[in-house]
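In: Could you work out the structure for the sequence below:
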Amino acid sequence: MSGRDDLAAFGRPDLAKLVARTREELEKRDGALSGRFTLTGLSEREVRDVHGFLGKEPGARPDRATIQLEHLDRVVRRGYGRTLNQLCEELGGPLRHRSDLRRTEEELRGRVLAPALASPLYERSWFRDWLDHRDTRAAVTRRVNAVMRRDEADDLQDLAHATRVLEAVVGHHGDHAPQAGAPVLLLQDLAVGATGDTKALDNRTALSRLVLSALAARRGTPRPDDQDAQECRALWEEYDVVQDDLASRVLVLNLPADGPVLGGWLTEAADHGVPLQVTLHQLVRFPPVPAPSVVHVCENPAVLRRAAERLGARSAPLVCTEGWPSAAFHRLASAAVAAGARLRYHGDFDWPGALMAHRVIGRYGAEPWRMSAADYLAHRPAGAPELRGTERATPWDPALAEAMRERGTVVYEESVVADLLKDLEPGETPVGGPGGAGE
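Out: Next up is the predicted model:
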């Protein structure tokens, strides 16, 4: 027999196990025929067959066989006219020596990182910190390992795509808030520009995880949980990136403004005390210049509705985020602050509400509006749900977070709306300590 015909015996289960393990050992040892290994979990018959192939007597253990590579090589040379390395390659393809794999891995890792290292963003510390973060390094390792398993070079593009997206986002507004009338970035356009795939930046894709983790690093906050679609959307929108500029909205009561079209709508609505739903598209198309004033901000539309019903046109200016602040809210808030307005913020007394308050207060220098520990402890609505989720700091009043942890229940804005309405009365201003608590 010649060629592969004389290797048919290696298809037997006992010898197939021997060859498979021998291949692993040769790859690990870079083909060196030195040392030994032990096959375990064998039946008594398999032990006899393996030892019979080796020309040796079975050992004391009936379930294992110890093989010396040099001896096995001599057996294969005598019986099959091949070296042990040649036999393994003929049966299973080229050996992948460990040192070769390390070199290949280093080369692939270099190719993955090259676009990021060459980017102008590499001059920025937050970008370098993001590249060096254990999660980013792990993502690169997973990608390299996947390519090595499947030999698909296209899989190396994730970090390059993420870098392109980040360059576009940072280049859009630089280190400053978006100016009035500046266009927004549509998420699908970013995805197409970087990858050619409109869905590449959809929530929970590998690319969106990479980009959002970098944007969080730039902001100096923890990476968002990709299971929380609202938090991910909010992070995108802080950078003026939206899925749909018509769907991004903010609810406004009594905020007159200068400017064509939208400025007129806001002023007329304020004259009549009518709430107005404003879209990001309108804010970009017809940027308003709000009248300088104290602008109160709430989280829940029920508060704004009650203000409109009870106070109407007499209410102080009130803007509602309707949950996580949207890109539309950020655009309007930036315009108001630029025009000389001061913001006062109130939200739910739960952990997401604390995070939202922290973000708005930090970004706009807003004053906490009845958001102190005293305000929280003054209300204990019946049937209040338990606090859930990740605990958040309340740096404007550290005692608030402590009080929330100790009591462990939520106080929603609807439960304190009567106090909020007092502050919206004509001529009234919130009073109190660091959280704006009422007297």
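In: Now do the strands in this protein.
Out: Counting by DSSP state E, the chain has strands at residues 36-39, 65-68, 185-186, 241-242, 249-253, 257-258, 276-279, 289-290, 294-298, 318-320, 342-345, 367-368.
In: quick one, which of these is nearest to Leu26?
Out: strand 36-39 (10.2 Å; C-beta to C-beta). Backbone N, C-alpha and C define where each C-beta goes, glycine included.
In: which residues are contacting that closest one?
Out: Contacts with strand 36-39, where a contact means C-beta atoms under 8 Å, 6 or more residues apart in numbering, come from 17-18, 21-22, 25, 50, 64-69.
In: Turn those into TSV, including pLDDT, neighbour count and distance to Arg331.
Out: Shown next, in TSV, are those (pLDDT from 0 to 100; neighbours: other C-beta atoms under 10 Å; distance: C-beta to C-beta, whole Å):
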residue	pLDDT	neighbour count	distance to Arg331
Lys17	86	16	66
Leu18	88	22	69
Arg21	89	15	64
Thr22	86	23	66
Glu25	82	19	64
Val50	87	21	74
Arg64	86	16	71
Ala65	87	24	73
Thr66	89	15	73
Ile67	87	22	71
Gln68	90	15	74
Leu69	89	19	70
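In: re earlier: could I get the strands of the chain as JSON lines with distance to Arg111?
Out: Formatted as JSON lines, those follow (distance: least, C-beta to C-beta, whole Å):
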{"stretch": "strand 36-39", "distance to Arg111": "34"}
{"stretch": "strand 65-68", "distance to Arg111": "38"}
{"stretch": "strand 185-186", "distance to Arg111": "28"}
{"stretch": "strand 241-242", "distance to Arg111": "28"}
{"stretch": "strand 249-253", "distance to Arg111": "43"}
{"stretch": "strand 257-258", "distance to Arg111": "52"}
{"stretch": "strand 276-279", "distance to Arg111": "43"}
{"stretch": "strand 289-290", "distance to Arg111": "50"}
{"stretch": "strand 294-298", "distance to Arg111": "47"}
{"stretch": "strand 318-320", "distance to Arg111": "48"}
{"stretch": "strand 342-345", "distance to Arg111": "47"}
{"stretch": "strand 367-368", "distance to Arg111": "49"}
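In: mind checking which of these is nearest Thr83?
Out: Comparing the strands of the chain under C-beta to C-beta, the one sitting nearest is strand 65-68, at 15.2 Å.
In: could you measure Ala229 against His133, distance?
Out: Between Ala229 and His133 the computed distance is 22 Å (C-beta to C-beta, to the nearest Å).
In: Next: Met356.
Out: Counting by C-beta to C-beta, the gap from Met356 to His133 is 25 Å.
In: Can you give me the first-to-last residue distance of stretch 317-330?
Out: 16 Å (C-alpha to C-alpha, to the nearest Å).
In: ditto for stretch 253-268
Out: Start-to-end span of stretch 253-268 (C-alpha to C-alpha) is 11 Å.
In: chain center to that stretch: distance?
Out: Relative to its chain's centre, stretch 253-268 lies at 37 Å (C-alpha atoms, centre = their mean, to the nearest Å).
In: quick one: buried residues of that stretch?
Out: The neighbour-count check on stretch 253-268 (16 or more other C-beta atoms under 10 Å) flags 253-257, 259, 262-263, 265-267 as buried.
In: From those residues, pick the one nearest Arg407.
Out: Leu253 (31.4 Å).
In: just checking, the closest one touches Val303?
Out: No - taking contacts as C-beta atoms under 8 Å, Leu253 lies outside contact range of Val303: 9.7 Å.
In: joint contacts of those two?
Out: Shared contacts of Leu253 and Val303 (C-beta under 8 Å, 6+ apart): 318, 320.
In: would you list every one of the helices in the stretch 201-350 of the chain?
Out: In the stretch 201-350 of the chain, the segments counted as helices under DSSP state H, counting those that start in this stretch are 206-219, 229-238, 262-272, 280-285, 301-310, 327-338.
In: where among those helices is the average confidence lowest?
Out: Per-segment mean pLDDT for these reaches its minimum on helix 229-238, at a mean of 85.
In: packing partners for that helix?
Out: Counting contacts by 3 or more C-beta pairs under 8 Å, 6 or more residues apart in numbering; DSSP states H and E, helix 229-238 packs against helix 206-219, helix 327-338, helix 351-364.
In: Now do it and helix 351-364, the angle between them.
Out: 10 degrees (axes from the mean of the first three to the mean of the last three C-alpha atoms, to 10 degrees).
In: what comes up buried for helix 229-238?
Out: Neighbour-count burial for helix 229-238 flags 231-238 (criterion: 16+ other C-beta under 10 Å).
In: contact partners of it?
Out: 187, 203, 208, 212, 215-216, 219, 224-226, 242-243, 248, 323-327, 330, 359, 363.
In: Can you flag the buried ones in those?
Out: 187, 203, 208, 212, 215-216, 224, 242-243, 248, 323-327, 330, 359, 363.
In: low pLDDT regions in this structure?
Out: The chain contains residues with pLDDT under 70 at 1-5, 148-156, 173-181, 428-439.
In: mind checking how far Val75 is from Pro62?
Out: 22 Å.
In: quick one: which of the two has more around it?
Out: Taking neighbours as other C-beta atoms under 10 Å, Val75 and Pro62 compare with Val75 leading, 15 against 11.
In: count of neighbours near the residue lying closest to that one once chain neighbours are set aside?
Out: Once flanking residues are discounted, Val75 sits nearest to Leu54: 6.0 Å by C-beta to C-beta, 6 or more residues apart in numbering. For Leu54, the neighbour count with other C-beta under 10 Å is 17.
In: Please apply the same query to the one 4 residues further on.
Out: By the other C-beta under 10 Å criterion, the neighbourhood of Pro58 contains 14 residues.
In: give the contact list for it.
Out: Residues near Pro58 by C-beta under 8 Å, 6+ apart: 47-48, 51, 65.
In: And for Asp100?
Out: Contact analysis of Asp100 by C-beta under 8 Å, 6+ apart lists Asp30.
In: quick one on the thing from earlier: state the pair within the buried residues of stretch 253-268 that is farthest apart.
Out: Leu253 and Gly259 (18.2 Å).
In: separation between Val76 and Pro94?
Out: 18 Å.
In: One more: Ala206?
Out: Taken as C-beta to C-beta, the span from Ala206 to Pro94 is 30 Å.
In: quick one, which of those two is more surrounded?
Out: Between Ala206 and Pro94, counted using other C-beta under 10 Å, the more crowded position is Ala206 (14 against 9).
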